[in-house]
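Undergrad: Sequence plus predicted model, see below.
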Amino acid sequence: MRLPILLLSLALPIAANGLDDLRSSLQKLQGAEPMKATLDHSFWRQTMDDKKPVISQGKVTAQLEDGPQGLKVAWGRGTLQQAAKELAAQEREPDRPAPTRTALRNVDPLEVGESLNHAEALLRDLAQAQVQEEKADTWLGRPARLLVLKLTPKIPESQRKYLKELKVDAKVWVGADGLPLAFYSSVSYKGSRMFISFEGGNTQELQFSRIGNRLVTTRATSEDRNSGFGASSQTKKTTTLTVL
């Protein structure tokens with residue numbers, strides 16, 4: 001007896017696409033092995049209003065240790081002493097830059113923790129993703145599968161109501177082992193509030209390596225830009241992790 005075509009098609013396995021395969025691979029990376037690494041963070045920022053541009057920049061280094069007791073971030077004594085000197089200088093001259101103190105504030109412990117085991121964070125980013133294109137490609141000379149994605153960001157209504165345009169795109173390069181080599185995202189927006197227009201955007205690039213059962217973000221770069229309300233700013237950040 002021959003099965004009807006519809007039933008036969010339901011009995012056959014459904015081929016997964018590249019995004020489904022990637023999600024499946026990421027779900028297996030929930031490593032909690034002890035790890036030590038060195039973090040290097042640098043930033044550059046330019047702000048402009050009706051006066052001349054103001055540029056600030058700085059960099060810091062920290063030692064990381066992640067294990068059963070949680071995440072430890074250790075700053076060198078010289079870094080902390082420099083931050084104290086900058087604070088004392090600002091008390092005398094409020095407009096004096098404080099690059100070390102600003103760089104220290106830029107290092108978010110939650111983001112640092114994610115960078116040491118980024119699989120879960122990337123799964124959240126890909127939860128509502130839609131594949132626009134899938135093709136063979138390379139990443140830094142390595143064969144890869146490129147997934148071009150459209151993302152749907154979750155924005156509170158209190159903010160969304162001011163937006164007129166919002167576009168979020170992303171790309172993921174997947175290696176032969178099914179794990180991501182890199183992730184790139186681009187956000188652009190335009191809106192208005194109180195009859196004043198504003199616009200801006202963000203680009204981000206993350207590079208990954210598998211360390212044990214962890215997906216580690218070995219390098220992260222980002223650029224933020226926005227303008228409106230008579231001022232504009234541009235910020236560039238770079239963070240690298242060297243596993244010890």
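TA: In hand now; what should we look at? Numbering: from 1, shown residues only.
Undergrad: how about the helices of the protein, start to end?
TA: All helices of the chain, identified by DSSP state H, fall at 5-11, 18-27, 77-92, 99-106, 109-116, 119-126, 157-160.
Undergrad: right, so of those, which gets closest to Leu39?
TA: Among the helices of the chain, helix 109-116 comes nearest to Leu39, with 6.7 Å by CB to CB. Heads up, the C-betas are built off the backbone N, CA and C, glycines and all.
Undergrad: mean confidence score for that closest one?
TA: Over the span of helix 109-116, the pLDDT mean works out to 93.
Undergrad: And stretch 56-76, by the same measure?
TA: When the per-residue pLDDT values of stretch 56-76 are averaged, the result is 93.
Undergrad: what's the span of it, first residue to last?
TA: Distance between the boundary residues of stretch 56-76 (CA to CA, to the nearest Å) amounts to 22 Å.
Undergrad: How far away from the center of its chain is that stretch?
TA: 18 Å (CA atoms, centre = their mean, to the nearest Å).
Undergrad: now stretch 236-244
TA: Taking mean C-alpha positions (CA atoms, centre = their mean), stretch 236-244 and its chain are 12 Å apart.
Undergrad: List the buried residues of it.
TA: Neighbour counts using 16 or more other CB atoms under 10 Å place Lys236, Lys237, Thr238, Thr239, Thr240, Leu241 of stretch 236-244 among the buried residues.
Undergrad: excluding its backbone neighbours, what's nearest Glu33?
TA: In space, and not counting its chain neighbours, Glu33 is closest to Gly212: 4.6 Å by CB to CB, 6 or more residues apart in numbering.
Undergrad: for Gly76, same thing?
TA: Leaving aside its chain neighbours, Gly76 sits nearest to Thr61 (6.8 Å; criterion: CB to CB, 6+ apart).
Undergrad: With Leu29 instead?
TA: By the measure of CB to CB, 6+ apart, the closest residue to Leu29 outside its immediate chain neighbours is Ala119, 4.0 Å from it.
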